[in-house]
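A.B. asks: here is my input; please provide its structure:
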Amino acid sequence: MALLWPFATAAVAINLFLLGLIGISLGLPALSPVTALWLSLPLGLPATWAAARWVSRLIAEADGG
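C.D. replies: Now for the predicted structure:
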């Protein structure tokens, strides 16, 4: 799970930044890339947990169990 954390956190940061860009069209203030990175640090943990569960299920399915 620790190996997946940087990748899941980076994916969360990218998605938060893009969500901030969509928010501009709705009249919300812009979300800077640095703010998206800071917000992704705590939000990366549940994303990592979900990704680890998904990968472990895929491995179990590939093993036939």
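
A.B. asks: in what helix or strand does the most centrally placed residue in the chain lie?
C.D. replies: Centroid check for the chain by Cα atoms, centre = their mean gives residue 12 as the closest residue, at 2.6 Å. Using DSSP states H and E, residue 12 sits within helix 5-25.

A.B. asks: regarding this structure, what is its longest helix?
C.D. replies: Longest helix of the chain, by residue count under DSSP state H: helix 33-63.

A.B. asks: buried ones in it?
C.D. replies: By neighbour count with 16 or more other Cβ atoms under 10 Å, helix 33-63 contains the buried residues 36, 37, 39, 40, 43, 44, 47, 48, 51, 52. Where you see a C-beta, it was placed from the backbone N, CA and C, and this is true even at glycine.

A.B. asks: spatially, which two of those residues are the most separated?
C.D. replies: Using Cβ to Cβ, the buried residues of helix 33-63 span at most 22.5 Å, a distance reached by 36 and 52.

A.B. asks: with adjacent residues omitted, what lies nearest to residue 17?
C.D. replies: residue 36 (4.1 Å; Cβ to Cβ, 6 or more residues apart in numbering).
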